[in-house]
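# No letters, just coordinates:
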Ligand code: ADP
Ligand code: MG
């Protein structure tokens, strides 16, 4: 059955992704229409859920019909003596489920919450008693501190030690996707749970809150719904931007918020943008958010990215040469989720091909992943096309020679990297033999000048852009 599923999947995704994400999966059993597959790690599972849940569904539907179900078995802490797998159930024919819900609902326990039917079940007894819906993997210990998150982290830590007592109430953390908001607020929740076990900590995504509210309305269960929330000592509500435009949900949230706040209970929120930019949220709610402390999470700088990779590798018990770590940290500077994805993919590639993780493998993996995820071209791909176009070698392109036949292609490649990737000047410099950022600026300026006067340069750039299917400079 799994082999047939794989056939369906293969038709639907790129070969490279198939190799990385589906070949390492081990089918374990098929029983009562439930197919269990084993995946190597938690990250692997998350990545599958985030990127391939629809493909999986299609495959399972085709093979087992709508009754068919898929279970993941995850080997936690590979190499650790515990090695306790747990199993996550996803139904294959749920139409309502968006990817994000899959993630958010991972720790949902349906029995805890009458009326709210999660389409997912988690069958790990250890997690089942977690009425808090906190993921114990998110801790302060494994949250790397850097300039990008220092204020948020220390405010979070203060709140974690004195919930409801500091003036950081509510604590509002905001920042772009994949920068650690959920990790940090869950770490606060876990810390409180572990140090003040009498406190009822509840983590809920705004999406789930909304769904629960709608269900309560439908089932005439409002009393239960509100009572449930009024018992909470520490309310962590994730991604409040999701409440935008949902007037009635905001109303009930306003009510709960006021009640908890007055009772000295701690409220912790996250949002993907600063409160003042939260469109579609009632002013009276926004003004409440300003009572406490607002802190942002920014893009991690290079050093933080390196530290995050090192921590991650240490946790997984994997060794990667420092040079490769640096290369990865330079290449993936968008967000931490992406960075982790690349590392997982690299580990998958290495174990699959029984290879050591070296520069070659890193380059190769990154090229595929980054292109695939961002739908953006990689610096490597640009360099390759440029050297092909001009008949140079990569060494000549990146080298130190000031000869005109090298300098112009080099500048063109830099220009294209700046135009078509998200890389910073510093990162581009790194990919061009460690040039500093003023050299990079100079290169870009030269190309801009040449574009006005040198038709040959312009045509070369346009030809390369066409080959890479990029937007062509006019
Ligand atoms: P967000 O909620 O802002 O979208 P997440 O909290 O889900 O982002 O973070 C994405 C991933 O990056 C998670 O796996 C998280 O553990 C990891 N992560 C984020 N920030 C850090 C950090 N400072 N140190 C270690 N891991 C981090
Ligand atoms: Mg989040």
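That came in fine, so what should we check first? Just so it is clear, the model here is predicted, and its values are computed rather than measured. Ligands and ions are numbered 1, 2, ... in the order given.
# How about the residues of the stretch 51-200 of the chain by ligand 1?
Contact residues, the stretch 51-200 of the chain versus ligand 1 (Cβ under 6 Å from any ligand atom): 142-144, 149, 175, 177-183. C-beta here means a position set from N, CA and C on the backbone, and glycine is covered the same way.
# biggest separation within those, which pair?
Greatest spacing in those, by Cβ to Cβ: 142 and 177 (19.5 Å).
# for stretch 14-26, how far is the first residue from the last?
This stretch, stretch 14-26, spans 20 Å end to end (Cα to Cα, to the nearest Å).
# Check which residues of it are buried.
16-22, 24-25 (16 or more other Cβ atoms under 10 Å).
# Show me which of the residues you listed is closest to ligand 2.
residue 21 (21.8 Å; Cβ to the ion).
# Help me confirm that the closest one comes into contact with residue 52.
Yes. Counting by Cβ atoms under 8 Å, residue 52 is a contact partner of residue 21 at 6.4 Å.
# returning to that earlier point: next step: the residues of the stretch 51-200 of the chain next to ligand 1 restricted to helices.
Among those, the members falling in helices are 181-183 (criterion: DSSP state H).
# still on that earlier bit, just the buried residues of stretch 14-26: which has the poorest pLDDT?
Least confident entry in the buried residues of stretch 14-26, by pLDDT: residue 16, with 74.
# Please list the residues of this protein that sit near ligand 2.
With Cβ under 5 Å from the ion as the criterion, the chain meets ligand 2 at residues 181-182.
# who touches the residue of the chain found nearest ligand 2 in this structure?
Using Cβ to the ion, the closest approach of the chain to ligand 2 is made by residue 182 at 3.2 Å. Residues near residue 182 by Cβ atoms under 8 Å, 6 or more residues apart in numbering: 138, 238, 270.
# Next, format these as TSV and append secondary structure.
Below are the contacts of residue 182 laid out as TSV (DSSP: H, G, I helix; E, B strand; the rest coil):
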residue	secondary structure
138	coil
238	strand
270	strand
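# top of the residues you listed by neighbour count?
Ranked by the number of neighbours (other Cβ atoms under 10 Å), the contacts of residue 182 place residue 270 first, at 24 neighbours.
# residues contacting the residue lying closest to that one once chain neighbours are set aside?
Distances taken as Cβ to Cβ, 6 or more residues apart in numbering place residue 181 nearest to residue 270, at 4.1 Å, with adjacent residues excluded. For residue 181, the contacting residues are 173-175, 238-239, 270, 272, 297, by Cβ under 8 Å, 6+ apart.
# Spell out, range by range, the strands that occur in the stretch 301-450 of the chain.
Read by DSSP state E, counting those that start in this stretch, the stretch 301-450 of the chain holds no strands at all.
# Show me what from it comes close to ligand 1.
By Cβ under 6 Å from any ligand atom, the residues of the stretch 301-450 of the chain that approach ligand 1 are 308, 336-337, 340.
# Could you dump those residues into CSV and include neighbour count and pLDDT?
What follows is these, written out as CSV (neighbours: other Cβ atoms under 10 Å; pLDDT from 0 to 100):
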residue, neighbour count, pLDDT
308, 21, 93
336, 24, 91
337, 20, 88
340, 18, 88
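# Mind putting those residues into CSV with distance to residue 283?
Output for those, formatted as CSV (distance: Cβ to Cβ, whole Å):
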residue, distance to residue 283
308, 38
336, 33
337, 32
340, 37
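# circling back: can you tell me which of the ones in helices among the residues of the stretch 51-200 of the chain next to ligand 1 is nearest residue 214?
Distances from residue 214 to these, taken by Cβ to Cβ, are shortest for residue 182, at 22.6 Å.
# What separation do you get for the closest one and residue 188?
For residue 182, the distance to residue 188 equals 11 Å [Cβ to Cβ, to the nearest Å].
# thinking again about what came up before, what's the closest of the ones in helices among the residues of the stretch 51-200 of the chain next to ligand 1 to residue 358?
Closest approach to residue 358 among these (Cβ to Cβ): residue 183, at 29.7 Å.
# got a list of what the closest residue to that closest one other than its chain neighbours touches?
In space, and not counting its chain neighbours, residue 183 is closest to residue 138: 4.7 Å by Cβ to Cβ, 6+ apart. Going by Cβ under 8 Å, 6+ apart, residue 138 touches 182-184, 186-187, 190.
# buried subset of the residues you listed?
Buried among the contacts of residue 138 (16+ other Cβ under 10 Å): 182-184, 186-187, 190.
# could you redo these as a markdown table and give each row pLDDT?
Converted to a markdown table, the buried ones among the contacts of residue 138 look like this (pLDDT from 0 to 100):
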| residue | pLDDT |
| --- | --- |
| 182 | 97 |
| 183 | 97 |
| 184 | 98 |
| 186 | 97 |
| 187 | 98 |
| 190 | 96 |
